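A.B. asks: Need a 3D model of the following:
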Amino acid sequence: MTHRITHLAAIVCAAITIAACGSSTAPSTTTTTIPATGAVTENYFSSVVPGGTTTHAFAANAGTITVTLQSSGPPDGVAISFGIGIPTLGGGACSLTTTLTATPGAVLSAAVDAGSYCVEVYDPGKLTAQTSFVLVIARP
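C.D. replies: You can find the predicted model right below:
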């Protein structure tokens, strides 16, 4: 039984990998941690291709959203652009209200009311290859 589950998992992973080919955005991974204070901190892992964007939507309570660029590359420390905004009606895109082009360690924040928000990472016009990144998103 375990062998069948492992085999099925491998097939599903292969199908997802094949389906991702040809996309202008790379698959992403998000891990979420909810501290006792009720605030949420999540690590958003993904990548962006030259000329591309990637968007992550989430809900937040009233307060301040803080986004920290933890890492980017290769090459390590390459500057990328990212911003905080509101998801568009059709979904999949983000209407940015504040943006920053920076290297790892940069912090972007915005005071918000309770509602739906998003973070978008995009090529600042200087990427020459697919670039991975890690954002730490802290939200109320």
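A.B. asks: in this protein, which spans are helices?
C.D. replies: Using DSSP state H, the helices of the chain run over 2-20.
A.B. asks: quick one, strands of this structure?
C.D. replies: Counting by DSSP state E, one finds strands in the chain at the ranges 29-33, 40-48, 53-60, 63-73, 80-87, 94-102, 107-112, 115-122, 131-139.
A.B. asks: got those as CSV, with mean pLDDT columns?
C.D. replies: Listed next are the strands of the chain as CSV, based on pLDDT from 0 to 100:
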stretch, mean pLDDT
strand 29-33, 49
strand 40-48, 94
strand 53-60, 94
strand 63-73, 95
strand 80-87, 96
strand 94-102, 95
strand 107-112, 96
strand 115-122, 95
strand 131-139, 96
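A.B. asks: Including mean neighbour count, could the ones you listed go into JSON lines?
C.D. replies: Where C-beta positions appear, they are placed from N, C-alpha and C, glycine not excepted. Shown next, in JSON lines, are the strands of the chain (neighbours: other C-beta atoms under 10 Å):
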{"stretch": "strand 29-33", "mean neighbour count": "10"}
{"stretch": "strand 40-48", "mean neighbour count": "19"}
{"stretch": "strand 53-60", "mean neighbour count": "18"}
{"stretch": "strand 63-73", "mean neighbour count": "18"}
{"stretch": "strand 80-87", "mean neighbour count": "21"}
{"stretch": "strand 94-102", "mean neighbour count": "16"}
{"stretch": "strand 107-112", "mean neighbour count": "15"}
{"stretch": "strand 115-122", "mean neighbour count": "19"}
{"stretch": "strand 131-139", "mean neighbour count": "19"}
